[in-house]
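*Asks:* when you get a sec, could you give me coordinates for this:
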Amino acid sequence: MEINQFIERYTSGEHNFTGAMLAGIDLTNSDLIGIILREANLQKTNFTFAFLNRADLSRANLVEANFSGTNLNQANLMGANLHRAELHGAILQKADLRGIELTLANLLDANLFEADLRYANLSNANLKGACLRSANMRREKRSEPTNLRGVNLDKADLKNSDLRGVDLRNASLVGANLVEVNLRGADLTNADLTQANLKGAFLTEAEFMGAKLIGANLSNAKLERTKLVDADLSMANLESATMPDVKFTRANLLQANLSFARLNRGDLTRANLYGAVMRNASLMEVFFARTNLTSADLTNANLIGADLSSANLTGVNLQGAIMPDGQVYH
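*Replies:* Numbers count the residues shown, from 1 in each chain. I've put the predicted structure just below:
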């Protein structure tokens, strides 16, 4: 279909172009609000700064299409293929992106506020600086998890997002806003969350094996049964975090702040807590097998039932702490 014919038909009131063949045409600045382009071939089509509010692009071929600055508010892109698409600065608020293919796509500074990204594939996409506040990415029963493997989410805003069960292996979330995000059961193996803000985040049963959380803020976070084996949490803030049954095997918690944290029954085998602050922490029945507690501050900590038999306690401050046998240290 020729571009002039297409525009003329749309402006005359025709909105349904299901299955249209419009690959490679230039629709820059076009007003296509509410258009229906289901299953259309729009490969390499240029939609720069176009208005596609509430458009239906479900299952369309949008490989390498250009949506830079495009308004796709409340658009339906369910099952569409946007492999290597350009979405720099695109507006996708409340868009339906379920099952969408966004591998290697560029979503730099894109707005995905309250977007539905369940079982979407964003592997190796660039979401640096993107807004994903309140986005829905939770894993559904009998469906694949949202694939964010290797994605760049540096400084992205994901506050209050539902990321239950997502695949974030090898992802970069440096400086990302993850305040009160739900990452229950998510896989963040080898992810980089340096300086990320996870205050009040729900991280129960998530996997952070080998992850970097250097200087991250995890205050008031929930980490029940979370696995942080070989993770680097040096200088991280875990104040008042809830961490029963957490697994910190070989984790680096150098100078981390764990004041008022609750780590009952946690496993800190061979963890490095050199200079860590654990004032008023609840450490009942914690396993400190060969743990390095050199120069750590455990003032007023509760260590009832903890195993300190092989821990390095050189220079540790135990003033006022309740020792494993229930006696207060003076």
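*Asks:* got the contact list for A50?
*Replies:* A50 makes contact with L27, T28, N29, S30, D31, L32, F67, T70, N71 under the criterion C-beta atoms under 8 Å, 6 or more residues apart in numbering. In short, each C-beta sits where N, CA and C put it, glycine included.
*Asks:* look up the pLDDT of it for me, please.
*Replies:* Per-residue confidence (pLDDT) for A50: 97.
*Asks:* for N4, same thing?
*Replies:* 89.
*Asks:* so it, which of the three states?
*Replies:* At N4 the chain is in helix, as set by DSSP: H, G, I helix; E, B strand; the rest coil.
*Asks:* you'd agree S134 is up against V179?
*Replies:* No - here S134 does not reach V179: they are 11.6 Å apart, not a contact under C-beta atoms under 8 Å.
*Asks:* for the stretch 201-330 of the chain, give me the ranges with low pLDDT.
*Replies:* Within the stretch 201-330 of the chain, not a single segment meets pLDDT under 70.
*Asks:* not counting sequence-adjacent ones, nearest residue to V246?
*Replies:* For V246, ignoring the flanking residues on the chain, the nearest one in space by C-beta to C-beta, 6 or more residues apart in numbering is G266 at 4.5 Å.
*Asks:* restricted to buried residues, select the contacts of A50 in ChimeraX.
*Replies:* What follows is the ChimeraX syntax selecting those of these that are buried according to 16 or more other C-beta atoms under 10 Å:
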select :27,30,32,67,70,71
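*Asks:* columns pLDDT and distance to A105 on top of the contacts of A50, output as TSV?
*Replies:* Compiled in TSV, those are given as follows (pLDDT from 0 to 100; distance: C-beta to C-beta, whole Å):
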residue	pLDDT	distance to A105
L27	96	18
T28	97	19
N29	97	22
S30	95	21
D31	96	24
L32	97	20
F67	98	9
T70	98	13
N71	98	17
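*Asks:* specify which member of the contacts of A50 is nearest to G275.
*Replies:* F67 (48.9 Å; C-beta to C-beta).
*Asks:* for the closest one, give me its contacts.
*Replies:* F47, T48, A50, A85, E86, L87, A90.
*Asks:* surely the first one meets T28?
*Replies:* Yes - the pair F47 and T28 passes the contact test of C-beta under 8 Å, sitting 7.4 Å apart.
*Asks:* mind putting the contacts of F67 into TSV with secondary structure?
*Replies:* As requested, these are exported to TSV (three-state DSSP):
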residue	secondary structure
F47	coil
T48	coil
A50	coil
A85	coil
E86	strand
L87	coil
A90	coil
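*Asks:* closest to R38 out of those residues?
*Replies:* Set against R38, the nearest of the contacts of F67 by C-beta to C-beta is F47 (15.9 Å).
*Asks:* ok, that closest one to A120 distance?
*Replies:* Using C-beta to C-beta, to the nearest Å, F47 is found at 19 Å from A120.
*Asks:* higher neighbour count, those two?
*Replies:* Neighbours per residue (other C-beta atoms under 10 Å) separate F47 from A120, with F47 holding more: 30 against 27.
*Asks:* how about the helices in the stretch 201-330 of the chain?
*Replies:* Per DSSP state H, counting those that start in this stretch, the stretch 201-330 of the chain carries no helices over any range.
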